[in-house]
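Fold the following.
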Amino acid sequence: MHIGILKTGHTPPDLEPEHGDYGAMFRRLMAGEGFSFTTWSVVDGEFPDSPEAADGWLITGSRHGAYEDHPWIPPLEQFIRDAFEADRPIVGVCFGHQIIAQAMGGKVEKFPGGWSVGPQVYHFPDGPRTVQAWHQDQVTQAPEGAQTVASSVFCTHAALLYPRKAYSVQPHPEFDDAFVLGLIETRGKGVVPDAQLEQARDTVGAPLDDAALAHQFATFFRERRIA
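Model (predicted):
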């Protein structure tokens, strides 16, 4: 199965030599699932010709807000709607989670409750899972027809299922501990409150459930379900 990765942001230059770009992170996360991948850098205006260019689509995270005025965001929203119409499954992570919701009529905002960074516990139907977080924006109103299938104390709509069309999550199963520590140094200082950065440093190293989410993504691509 051929998965197209729609890259919506760039990793910090100081971290990319060690960790790669967001496309490389998802290739590592999904290694062993039998997929092939092609990456389109939509943040740079590089788009597939049509949703039929791949069997399924994965939309990455980004430092940008879904509600911001960037020339690549409206065509990305239209591509998402076209993929729904073409019956190509979509998986979204963080910004990807938010832009799918916005494209389909939901609401994304800079959350007044602040930031969520480092390992966080999310409550899924089959139990709690710990996954890395790095966001202030979040989906505050789910689109009509989307089902909220995970939440946390900070994020009500932490995972959304659009039956047989899309599955998206707010946290980052593609982020390992070293990358989060790098984000704390390169993007966190002066942006995220110092106390939260210190708490994130203290909790990095907690056991993560990244493999469980990777399996969810693979199951959705293949079977249009998450369990």
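
what's near enough to touch the most centrally placed residue in the chain?
With distances taken as CA atoms, centre = their mean, V93 lies nearest the centre of the chain, 1.1 Å away. V93 is in contact with 26, 58-61, 168-169, 171-174, counting by CB atoms under 8 Å, 6 or more residues apart in numbering. The C-beta positions use only the backbone N, C-alpha and C, and glycine is treated the same way.

In helices, which of the residues you listed appear?
Using DSSP state H, the members of these that fall in helices are F26.

Tabulate the contacts of V93 (a markdown table), appending pLDDT.
Shown next, in a markdown table, are these (pLDDT from 0 to 100):
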| residue | pLDDT |
| --- | --- |
| F26 | 98 |
| L58 | 98 |
| I59 | 98 |
| T60 | 98 |
| G61 | 97 |
| S168 | 98 |
| V169 | 98 |
| P171 | 98 |
| H172 | 98 |
| P173 | 98 |
| E174 | 98 |
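
In strands, which of the contacts of V93 appear?
Cross-referencing these against strands under DSSP state E gives 58-59, 168-169.

rewinding a little: quick check: the residue nearest to the centre of the chain vs P71, distance?
According to CB to CB, to the nearest Å, V93 and P71 sit 22 Å apart.

Over to V169?
Distance of V169 to P71, given as CB to CB: 27 Å.

buried ones in the worst-scoring helix or strand of the chain on mean pLDDT?
Ranked by mean pLDDT, DSSP states H and E, the weakest helix or strand in the chain is helix 194-203, scoring a mean of 92. Residues 196-197, 200-201, 203 are the ones in helix 194-203 that count as buried (16 or more other CB atoms under 10 Å).
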